[in-house]
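[1] A predicted structure for the sequence below; I have some questions about it.
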Amino acid sequence: MLYKELRNKKEMENELNHTDVPKGSMAIWSLGQTGFIFKNAYGDMIAVDPYLSYNIEKNDPTTEFKREYPPVLDPQQLANINGVFVTHFHDDHMDVGTLTELTKVNNKIPYYIPTPDHNSLKEDYPDLKGQVNATLTGKTIKIGNFEILPIASAHENADYDKDEQGNDRYVGYFISCDDIKIYHSGDTSLTKELIAEVKKLSPDIMMLAINGGDYYRANRDIAPNMNFREACDFFNDVNGDLIIPCHFDMFSNNSDNIIYYLDYLSQNYSHKKNHVFVPGERFIYMK
């Protein structure tokens, strides 16, 4: 998938900063991959997994991970957000290229990183040290009127990778404000534990990675996620209101065909709401 035309960055920045969100609504912008920005009715803004650089291919020109489209924003254009949440340490999620550039224009924004890797980020990039905070699974973080709850994810072969103290290396985030509840899966396989936990939380919106995995990707050390069938079935099982697929549009070597997802969803759950983002798009959810 190649997006030859993306929206004007300045226009998008103005939209982020000046969108007035009605009470009982949530504004969401896609940054591509699993990156999203959320804005509530009180003007609070948070970002999850912003990958707004070419750091992966810059650091390794031989990599098979090459962006299919340019970043929809420059990192400095996130200067007015209130917090950045990272699901795990992989470079397309914890993008140091984005964080270091953003720090140059606002060194007060808190960055939340899963506990096992937050210390190494501070040690390797001392300019970020004052902004890096550890997330703990099950411990709610408050940003303005947002409440953000880290939830354990099983990214590596459906296992829950933990450090010696039992802290989760991979997380998703349950984001809530007023009566709107959002589950952002980050990268994860599907497990009975995850299904049970998300059912209890009862999200309205489920943002789910759908790229799956296979033998050949595993042989290249590419960790799997749930596939599009599992994501749709998971969404239906939880009885969410709206499903938003992600992790399919940025890297052609680790993707799946969005048409297969749409076909499966329409054949099996045609009564359920769905939205597929174009990178840079704004979407207003009203419950």
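    Right, received. Where do you want to start? As the structure is a computational prediction, the values presented were derived from the model and not from experiment.

[2] ok, residue 131 to residue 86 distance?
    12 Å (Cβ to Cβ, to the nearest Å). To be clear about C-beta, it is placed using only N, CA and C from the backbone, and glycine gets the same treatment.

[3] which one's more surrounded, the two?
    Between residue 131 and residue 86, counted using other Cβ atoms under 10 Å, the more crowded position is residue 86 (27 against 22).

[4] who are the contact partners of that one?
    Contact partners of residue 86, counting by Cβ atoms under 8 Å, 6 or more residues apart in numbering, are 48, 49, 93, 94, 111, 112, 113, 114.

[5] how about residue 205?
    26, 180, 181, 182, 183, 240, 241, 242, 243, 244, 285.

[6] isn't there a helix covering the last one?
    Going back to what we said before, that points to residue 285. No: counting by DSSP: H, G, I helix; E, B strand; the rest coil, residue 285 falls outside a helix, being strand.

[7] returning to what we had before: overlap in contacts of residue 131 and residue 86?
    The contact sets of residue 131 and residue 86 overlap at residue 111 (Cβ under 8 Å, 6+ apart).

[8] before we move on, the earlier item: save the contacts of residue 86 as JSON lines, and put in secondary structure and distance to residue 228 too.
    Shown next, in JSON lines, are the contacts of residue 86 (DSSP: H, G, I helix; E, B strand; the rest coil; distance: Cβ to Cβ, whole Å):
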{"residue": "48", "secondary structure": "strand", "distance to residue 228": "21"}
{"residue": "49", "secondary structure": "coil", "distance to residue 228": "19"}
{"residue": "93", "secondary structure": "coil", "distance to residue 228": "20"}
{"residue": "94", "secondary structure": "coil", "distance to residue 228": "25"}
{"residue": "111", "secondary structure": "strand", "distance to residue 228": "31"}
{"residue": "112", "secondary structure": "strand", "distance to residue 228": "28"}
{"residue": "113", "secondary structure": "strand", "distance to residue 228": "28"}
{"residue": "114", "secondary structure": "strand", "distance to residue 228": "26"}
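
[9] just the buried residues from these, in ChimeraX please.
    Applied in ChimeraX, the following selects the buried portion of the contacts of residue 86 according to 16 or more other Cβ atoms under 10 Å:
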select :48,49,93,94,111,112,113,114
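
[10] ok, back up a step: show me which of the contacts of residue 205 is closest to residue 160.
    Of all the contacts of residue 205, residue 183 has the smallest distance to residue 160: 17.1 Å, by Cβ to Cβ.

[11] the closest one: neighbouring residues, count only.
    Using other Cβ under 10 Å: residue 183 sits among 27 other residues.

[12] one more: residue 115?
    21.

[13] strands of this protein, start to end?
    For the chain, strands defined by DSSP state E occupy the ranges 25-32, 35-39, 45-48, 83-85, 111-114, 132-135, 141-143, 146-152, 171-177, 180-184, 205-209, 242-246, 273-274, 282-286.

[14] format those as a markdown table; extra columns: distance to residue 62 and mean pLDDT.
    Shown next, in a markdown table, are those (distance: least, Cβ to Cβ, whole Å; pLDDT from 0 to 100):
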| stretch | distance to residue 62 | mean pLDDT |
| --- | --- | --- |
| strand 25-32 | 22 | 98 |
| strand 35-39 | 24 | 98 |
| strand 45-48 | 29 | 98 |
| strand 83-85 | 29 | 98 |
| strand 111-114 | 27 | 98 |
| strand 132-135 | 30 | 97 |
| strand 141-143 | 38 | 98 |
| strand 146-152 | 33 | 98 |
| strand 171-177 | 30 | 98 |
| strand 180-184 | 31 | 98 |
| strand 205-209 | 25 | 98 |
| strand 242-246 | 27 | 98 |
| strand 273-274 | 37 | 97 |
| strand 282-286 | 36 | 97 |
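
[15] what's the closest of those strands to residue 61?
    Across the strands of the chain, closest to residue 61 is strand 25-32 (Cβ to Cβ), at 21.0 Å.

[16] JSON lines for the contacts of residue 205, including distance to residue 65?
    Below are these laid out as JSON lines (distance: Cβ to Cβ, whole Å):
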{"residue": "26", "distance to residue 65": "30"}
{"residue": "180", "distance to residue 65": "33"}
{"residue": "181", "distance to residue 65": "32"}
{"residue": "182", "distance to residue 65": "27"}
{"residue": "183", "distance to residue 65": "26"}
{"residue": "240", "distance to residue 65": "30"}
{"residue": "241", "distance to residue 65": "33"}
{"residue": "242", "distance to residue 65": "29"}
{"residue": "243", "distance to residue 65": "26"}
{"residue": "244", "distance to residue 65": "23"}
{"residue": "285", "distance to residue 65": "30"}
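
[17] all set, thanks.
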